[in-house]
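A.B. asks: I'd like to go over a predicted model; first the sequence, then the structure.
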Amino acid sequence: MDDQARIMQSIGGVSLAGHSVQGGMTLPPPHGHDGTDGDGRKQDIGDILHQIMTITDQSLDEAQAKKHGLNCHRMKPALFSVLCEIKEKTGLSIRGAQEEDPPDPQLMRLDNMLLAEGVAGPEKGGGSAAAAAAAAASGGAGDNSIEHSDYRAKLTQIRQIYHTELEKYEQACNEFTTHVMNLLREQSRTRPISPKEIERMVGIIHRKFSSIQMQLKQSTCEAVMILRSRFLDARRKRRNFSKQATEILNEYFYSHLSNPYPSEEAKEELAKKCSITVSQVSNWFGNKRIRYKKNIGKFQEEANLYAAKTAVNAAHAAAAAVQNSQANSPNTPNSGSSGSFNLPNSGDMFLSMQSLNGDSYQGAQVGANVQSQVDTLRHVISQTAGYNDALGGRTMYSPHGLNANGGWQDATTPSSVISPTEGPGSVHSDTSN
DNA sequence: ATTCATGATTCGAC
DNA sequence: GTCGAATCATGAAT
């Protein structure tokens, strides 16, 4: 500390001497000394600076006493004037360094995102808009509402934490700013501090705190993103369709194997039946077609299964229709479902049934043959697994729709065109509606 | 942990 | 816009 005091003494002497020469500054006449006593003045200034430099090493009471002593020191006004002048000369550089910082684009992005997610800004149900949008994109399955509310709950939690932290930071910022301002005001008694300087200091503090706030915003955004991707990203939360839905889709697919391209209406109907979205139906058929085509052998068993199932369904429906027609006036079996998408009575299964006995699927004839047809079908399935040409080329569920190129024959042609025996009232085409 | 099944996405062709 | 094809990512079975 002796060295420091010596240095300070010499600096003090030089600077003051420099000022008195260059700046033409006139120090007030020191009390109890005459103006010509240069050594005495230097001694005084050095003494003050020494006290200032060592003040931090002392206890609070000691420092307070020293402070008071300094404030009352006879050289204090002189030192104050010198500091004023130094400040005046360096003020330009300070002003130059101070610039209006433009709004940080990253901070703006974060703010916008938090606002969009419903974390920042006014309470609006925990970002329900974003949740709803994402939920719609993920395809309104049955458990959506549960996940949706779960998402909202988590988002509310994040929102609460964010606001609590933000409040804490703001409070800390205000406290610190007040503290610093008080300190500066206190210091302004011993050194010149302009309001502008205080303002600048406050600005620095605010910037520091806003950078901390930015970190908070950043981590909040990350949390929201993770939450979003976990709960709402459709790809991430892939759920298998219900068994019932898969069965409905498979029934349609295998009963329209010659042209497995459901129309928009059919897709909507299937979507409704399966409690999935139309786009999910489209996806399913897209996947099914390509996977079926890629590995027909693998799907044969499945095809047979659905063939039998559809056959039984059709037989039951036909029997019911016959019973109905016997009880009432004769009618076509499809009259009850014509114009609507009816799975058991629709599709290629009709063709198979017709060709099995060589009968056309019309009128009371069907009723007489229903049981035998079902039996025959079961027999054929068990004997041939549904894949031979014994039925004149129209085998049960052979990949008859596929052409040599691996594509479905004339995908735009409804299967009614293929079957000349089919009546005009039949409903099995994708485009029949 | 690995493998398979499956729903979703992406990309290029039409 | 739809489609096929390839791919990704996840769930379920082993």
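C.D. replies: All right, it came through fine. Numbering: from 1, shown residues only, chains lettered A, B, ... in the order given.
A.B. asks: Identify each buried residue in the strand or helix carrying residue A:300, please.
C.D. replies: For residue A:300, the host element (DSSP states H and E) is helix A:296-327. For helix A:296-327, the buried set under the neighbour-count rule, 16 or more other C-beta atoms under 10 Å, comprises A:299-300, A:303-311, A:313-315, A:317-319, A:321-322, A:324-325. In short, each C-beta sits where N, CA and C put it, glycine included.
A.B. asks: residues from the stretch 251-400 of chain A in reach of DNA strand C?
C.D. replies: For the stretch 251-400 of chain A, the residues in contact with DNA strand C under the definition C-beta under 7 Å from any atom of the strand are A:261, A:282, A:285, A:286, A:287, A:289, A:290, A:293.
A.B. asks: Quick check: the farthest pair among these?
C.D. replies: By the measure C-beta to C-beta, A:282 and A:293 form the most distant pair in these, at 16.6 Å.
A.B. asks: correct me, but residue A:270 touches residue A:248?
C.D. replies: Yes - applying C-beta atoms under 8 Å as the test, residue A:270 and residue A:248 come out as touching, 6.5 Å apart.
A.B. asks: tell me, how many neighbours does residue A:59 end up with?
C.D. replies: Per other C-beta atoms under 10 Å, the neighbour tally for residue A:59 reads 8.
A.B. asks: Pull up the gap between it and DNA strand C, please.
C.D. replies: Look at residue A:59 and DNA strand C: by C-beta to the nearest atom of the strand, to the nearest Å, they are 62 Å apart.
A.B. asks: With residue A:76 instead?
C.D. replies: Noted for residue A:76: a distance of 71 Å to DNA strand C, by C-beta to the nearest atom of the strand.
A.B. asks: In terms of pLDDT, where does that residue sit?
C.D. replies: In the prediction, the pLDDT value recorded for residue A:76 is 75.
A.B. asks: The closest residue to it other than its chain neighbours and residue A:57: what is the separation?
C.D. replies: Closest residue in space to residue A:76, ignoring its immediate chain neighbours: residue A:70 at 6.4 Å, by C-beta to C-beta, 6 or more residues apart in numbering. Here the criterion is C-beta to C-beta, to the nearest Å. By it, residue A:70 lies 15 Å from residue A:57.
A.B. asks: Kindly report the same for residue A:191.
C.D. replies: Counting by C-beta to C-beta, the gap from residue A:191 to residue A:57 is 20 Å.
A.B. asks: Give me the below-cutoff pLDDT ranges for chain A.
C.D. replies: Chain A contains residues with pLDDT under 70 at A:1-42, A:55-56, A:91-102, A:116, A:123-152, A:225-237, A:322, A:324-433.
A.B. asks: Test my guess that residue A:256 contacts residue A:270.
C.D. replies: No - using C-beta under 8 Å, residue A:256 is not in contact with residue A:270, being 11.0 Å away.
A.B. asks: Mutual contacts of those two, please.
C.D. replies: Jointly contacting residue A:256 and residue A:270 under the rule C-beta atoms under 8 Å, 6 or more residues apart in numbering are residue A:262.
A.B. asks: Report the contact partners of the residue in the stretch 301-433 of chain A that DNA strand B sits nearest to.
C.D. replies: Distances between the stretch 301-433 of chain A and DNA strand B by C-beta to the nearest atom of the strand are smallest at residue A:302, namely 8.7 Å. Contact criterion C-beta under 8 Å, 6+ apart gives A:250, A:254 as the residues in contact with residue A:302.
A.B. asks: how close does the nearest residue to residue A:75 once chain neighbours are set aside get to DNA strand B?
C.D. replies: For residue A:75, the nearest residue in space outside its immediate sequence neighbours is residue A:44; the separation is 4.7 Å by C-beta to C-beta, 6+ apart. Plainly put, residue A:44 is 78 Å away from DNA strand B if you go by C-beta to the nearest atom of the strand.
A.B. asks: what about residue A:202, how many neighbours?
C.D. replies: Neighbours of residue A:202 using other C-beta under 10 Å come to 17.
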